[in-house]
Structures are given as structure tokens and as C-alpha cells.
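J.: Turn this into a model:
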Amino acid sequence: MSTKAHSIVMLRRNFKHIARNPTSVFNAVLMPIIIMLMFVYMFGDAFNVGVDYIDYATPGLMLLAVCYGLGATATAVNSDMTKGIINRFKVMHVSRGAVLTGHVVASVLTNLAAIAALIGVAFLLGFDPSASLLDWLGAIGVIVLLGVAAGWLTVALGLSAKSPETAGLASVPLVMLPFFSSAIVPAEKMGPGLREFAEYQPFTPIIETLRGFLNGTPSTGDVIPALAWCVAIALVGYLWARSTFTKRA
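T.: Just a heads-up that it's a prediction; the model follows:
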């Protein structure tokens, strides 16, 4: 079998595991929706962002939806490594790249399902984007690129952890980082120190790029840094994951 065929088999295997684990489905799909409802109904009137709060918050929550499914990916990767599954695959001559790629693709597809559900709820809450078809395609492209980048970084974290429990904890910083960006409130409304951190951390230009596409006014000043961060994170994650996988397997 080719590497592509092996990757499809690994992807099917990962989806079966996801379906048998309701907790991972809750974290990946329902938790971002709950956070959206909480911020819009509990805190939305407390923030003056110049537009309806649901329009401002949805792009940031889309990125948050990507991050919330990463813990399950890290745990699954580490479980494969620590429970001897990888050794069985080696005996079966399964492509090493297929094992890792299967986890990344499953993570990206889960992200897209979570974001589709999130956007559906956002429309019910009054979300009114001005995006054209090309703008929507641009936003989807950024989300897919971010999903691939975050997926490879999470796989690397999962491979490097000593146990499935620590692998899940290793992804917590990625879940928390969007809260210290422009996802919930504009960076300029934050206090000194935190404002600078929010402005220059990787997720803020990605969120502002999504916000620009959904408003129909994408800015090159946001798009280029966002794409650069995604490519850099993907490259680091991929090289780190392959290196760690080769050493531990």
C-alpha cells in the first residue's frame, strides 16, 4: 500500500476513536459554542468594540474552536507511542508518515466540523458578516492552514510527553493563548504589558485576518504575518514531530 492509502486507513482509525470518546467531541465542538453563549449573553454588553459583539467575537471564537480539540489529539498520539501501537505498525510495515499525517488530518477535519457548528450558532445569535464568496474562501483557507500548523505542533507535543496525561496538559497553553489576544476584546483596551503581548503574539494577526475576511475588508498588514506565523508553526511542528517520532519509534 502507498503512503496515501496508509494515511486514509489511519484517518479512518482516528475517527473511530473520536466517535468512541464523547469527551473529545464535547471539547472540540460543544465547548466553543458554550463559551460563545457565555461571552455574548453574559459579557457582551460590557465591551464596547464599535460593532455588535457577536460580529467581533466570532472570528476569535473560530480560532478558539481550533485550539479546544488539540488536547485529544496530543493524548491520542502519545497513547499510540506509549502503549506499543507504533511497534505493531512497524511490524505491519505501515508508513511512519501515515501515522502522524492521519492524526493531523483528523484534527483538521474535527476543527472544520466544530467551526461549522459554531458559525451556525453565531448566525442564530445575529452574526451578520459582510464577506463575499472569495472572502469566505480566504477565511476557510486561513483556518485550514492554522489547523494544519496547530495539528503538527500538537502531534510533536504528544510525541514528546512522557504519558497521555502529560500530553493533554502540554496543549493547555495553546488553549489559553487566544484569551490573551484580540479574540475577546481589542488589544488596545488591555493594560500595559498585556496589551503588548496581545499585539505581538501569533494568534492576534490570525484572528484579525479572519475578522478582516468576514468583514469583507482583509488587510495585507494582517494577512502576511498570519500566513507567516502559520507556516512557521507548521514547519517547526512537522520537523519536531518527525525527529521525535524517529527517536522514540
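J.: which ones are touching the spatially most central residue of the chain?
T.: Nearest to the mean C-alpha position of the chain, by C-alpha atoms, centre = their mean, lies residue 66 at 2.6 Å. Counting by C-beta atoms under 8 Å, 6 or more residues apart in numbering, residue 66 touches 111, 114-115, 143, 146-147, 150. The C-beta positions use only the backbone N, C-alpha and C, and glycine is treated the same way.
J.: which stretches of this protein have low pLDDT?
T.: In the predicted model, the chain carries pLDDT under 70 at residues 1-25, 44-46, 84-97, 248-249.
J.: ok so, going back, specify which member of the contacts of residue 66 is nearest to residue 176.
T.: Each of those was scored against residue 176 by C-beta to C-beta, and residue 150 proved nearest at 13.6 Å.
J.: Quick one: residues contacting that closest one.
T.: 66-67, 70, 107, 174, 233, 237.
J.: Out of these, list just those in helices.
T.: Those of the contacts of residue 150 mapping onto helices are 66-67, 70, 107, 174, 233, 237, per DSSP state H.
J.: For ChimeraX, what selects the buried ones among these?
T.: With 16 or more other C-beta atoms under 10 Å as the criterion, this ChimeraX line picks the buried residues out of the ones in helices among the contacts of residue 150:
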select :66,67,70,107,174,233,237
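J.: taking the contacts of residue 66 one by one, which sit in helices?
T.: Judged by DSSP H, the contacts of residue 66 include 111, 114-115, 143, 146-147, 150 as members of helices.
J.: tell me which element residue 211 is part of?
T.: helix 203-215 (DSSP states H and E).
J.: For the protein, which segments count as helices?
T.: Under DSSP H, the chain gives helices at 3-19, 22-25, 31-38, 53-68, 70-82, 85-91, 96-124, 133-160, 164-170, 172-176, 194-200, 203-215, 220-248.
J.: Turn those helices into JSON lines, including distance to residue 187.
T.: What follows is the helices of the chain, written out as JSON lines (distance: least, C-beta to C-beta, whole Å):
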{"stretch": "helix 3-19", "distance to residue 187": "34"}
{"stretch": "helix 22-25", "distance to residue 187": "31"}
{"stretch": "helix 31-38", "distance to residue 187": "19"}
{"stretch": "helix 53-68", "distance to residue 187": "11"}
{"stretch": "helix 70-82", "distance to residue 187": "23"}
{"stretch": "helix 85-91", "distance to residue 187": "42"}
{"stretch": "helix 96-124", "distance to residue 187": "22"}
{"stretch": "helix 133-160", "distance to residue 187": "19"}
{"stretch": "helix 164-170", "distance to residue 187": "26"}
{"stretch": "helix 172-176", "distance to residue 187": "16"}
{"stretch": "helix 194-200", "distance to residue 187": "4"}
{"stretch": "helix 203-215", "distance to residue 187": "6"}
{"stretch": "helix 220-248", "distance to residue 187": "12"}
